[in-house]
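S.K.: Pasting the sequence and the predicted coordinates here, then a few questions.
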Amino acid sequence: MKKSAIIFLLFSGSCAAPRLSVTNNTSSSCDPIADGKLFTTVWQQRSAEYRALCYQAFNIAKLRIDERSGEISPKPKAIMTDIDETILNNSSYQAHQALLGKDYDDVSWQTWTNMANADTMPGALHFLQYASSKGIEIFYVTNRNEADREGTLKNLKKFNFPNSDNDHLLLKQNISSKEERKKSIEENHSIVLLMGDNMNDLSSFFVKKDAGERIKLADGFASDFGNRFIVLPNPVYGDWETALYHYNYSLTPAQKDSVLEASLYSY
Ligand SMILES: [Mg+2]
């Protein structure tokens, strides 16, 4: 389906009509999960504002690197960055799934990562190449799995991301928390910046916390954002969403819809 057709369906004033057209779903009401993924993916792909927020994040990151480049450090400096929706843009995968009326699943995701076809996030490559030119090592700490290693490296190398090698790619092994991988980097490096689209990329305090606690923690870290933490926007997926489901990954789309509707503040 052409992108222009998707946008028309989204803004045609009825949730039932586009869902019928796209997925043959006979539901007569809005579907927060399926329609929401479609809507937010369109925003990621087509809005100038999304690109501007990414550029803003990496512009601030560059300022921080410049500030810290003169600081004496007992160890070599490093940046710890997430990959998905931080430096690589997977919106084509999300669009593909949304148009099928589907959410993420492991099998389709691995098919996508093996394609090594994700684009770069606006400003990400330029920033990391700049940081590398200042002698800062880049560590890619991602919750992609070991099975994704070859495709991930191929995708990073395709764009000449600095340090795109096995030593700098720390995939998920047994646990999704990045704390142990962060400690392993800190054995020989001083981390000057952490970058991610998920609070778990920045601090283990957020891991498996409920939505209310995550909000309070974000408030507590307020002065760190744009300082040692660089955050990228991701309205499509993340622990902000799974926290609302209390990390129950077996909910049906209908159950997720109910949770999302019950999570809203209205008047
Ligand atoms: Mg990510």
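M.R.: Noted; the coordinates are in hand.
S.K.: Residue 126: how many residues sit nearby?
M.R.: 13 (other Cβ atoms under 10 Å). (Each C-beta comes from the backbone N, C-alpha and C, glycine too.)
S.K.: what does this structure have sitting close to the ion?
M.R.: With the criterion set to Cβ under 5 Å from the ion, the chain comes near the ion through 82, 84, 85, 197.
S.K.: So what's the residue count around the second one?
M.R.: Residues within reach of residue 84, counting by other Cβ under 10 Å, total 25.
S.K.: so what's the backbone phi/psi at it?
M.R.: In terms of degrees, to the nearest 10, the main-chain angles of residue 84 are phi -70, psi 130.
S.K.: can you pull the contacts of the closest residue to it other than its chain neighbours?
M.R.: Spatially, and ignoring its direct neighbours in sequence, residue 84 is nearest to residue 90 (5.6 Å; Cβ to Cβ, 6 or more residues apart in numbering). Shown in contact with residue 90 (Cβ atoms under 8 Å, 6 or more residues apart in numbering): 84, 112, 118.
S.K.: burial measure for the second one, as a count.
M.R.: When neighbours are defined as other Cβ under 10 Å, residue 112 has 20 of them.
S.K.: give me the element the nearest residue to it once chain neighbours are set aside is part of.
M.R.: Once flanking residues are discounted, residue 112 sits nearest to residue 93: 4.3 Å by Cβ to Cβ, 6+ apart. Applying DSSP states H and E as the criterion places residue 93 in helix 91-99.
S.K.: for that helix, the distance to its chain's centre please.
M.R.: Distance, stretch centre to chain centre, for helix 91-99: 14 Å (Cα atoms, centre = their mean, to the nearest Å).
S.K.: on that earlier part again, will you turn the contacts of residue 90 into CSV that also has distance to residue 264?
M.R.: Shown next, in CSV, are the contacts of residue 90 (distance: Cβ to Cβ, whole Å):
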residue, distance to residue 264
84, 27
112, 31
118, 31
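S.K.: ok, these vs residue 234, which is closest?
M.R.: Nearest to residue 234 out of those is residue 84 (Cβ to Cβ; 8.6 Å).
S.K.: So the closest one is in contact with residue 144, correct?
M.R.: Yes: in this structure, residue 84 is within contact of residue 144 by Cβ atoms under 8 Å, at 7.2 Å.
S.K.: Return the helix or strand in this structure with minimum mean pLDDT.
M.R.: helix 16-23 (a mean of 35; mean pLDDT, DSSP states H and E).
S.K.: Packing partners of the following helix or strand past it?
M.R.: Going down the chain from helix 16-23, the next helix or strand is helix 32-46, by DSSP H and E. Using 3 or more Cβ pairs under 8 Å, 6 or more residues apart in numbering; DSSP states H and E, the elements in contact with helix 32-46 are helix 3-10, helix 16-23, helix 48-68, helix 91-99, helix 253-263.
S.K.: how about stretch 101-108: buried residues?
M.R.: 101, 103 (16 or more other Cβ atoms under 10 Å).
S.K.: got it, and stretch 141-157?
M.R.: 141, 142, 143, 144, 148, 151, 152, 153, 155, 156.
S.K.: send the alpha carbons of it over as PDB?
M.R.: Below are the C-alpha coordinates for stretch 141-157, written out as PDB (Å, rounded to 0.1, in the frame of the first residue of the first chain):
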ATOM      1  CA  VAL A 141      24.700  -2.300  23.900                       C
ATOM      2  CA  THR A 142      21.500  -3.800  22.500                       C
ATOM      3  CA  ASN A 143      18.800  -6.300  23.500                       C
ATOM      4  CA  ARG A 144      19.000  -7.900  20.100                       C
ATOM      5  CA  ASN A 145      19.800 -11.600  20.500                       C
ATOM      6  CA  GLU A 146      22.900 -13.500  19.500                       C
ATOM      7  CA  ALA A 147      21.000 -14.800  16.500                       C
ATOM      8  CA  ASP A 148      20.900 -11.200  15.300                       C
ATOM      9  CA  ARG A 149      24.700 -10.600  15.500                       C
ATOM     10  CA  GLU A 150      25.600 -11.100  11.800                       C
ATOM     11  CA  GLY A 151      22.800  -9.000  10.500                       C
ATOM     12  CA  THR A 152      23.400  -6.300  13.100                       C
ATOM     13  CA  LEU A 153      27.100  -6.000  12.300                       C
ATOM     14  CA  LYS A 154      26.300  -6.000   8.600                       C
ATOM     15  CA  ASN A 155      23.800  -3.200   9.100                       C
ATOM     16  CA  LEU A 156      26.200  -1.100  11.200                       C
ATOM     17  CA  LYS A 157      29.100  -1.700   8.800                       C
END
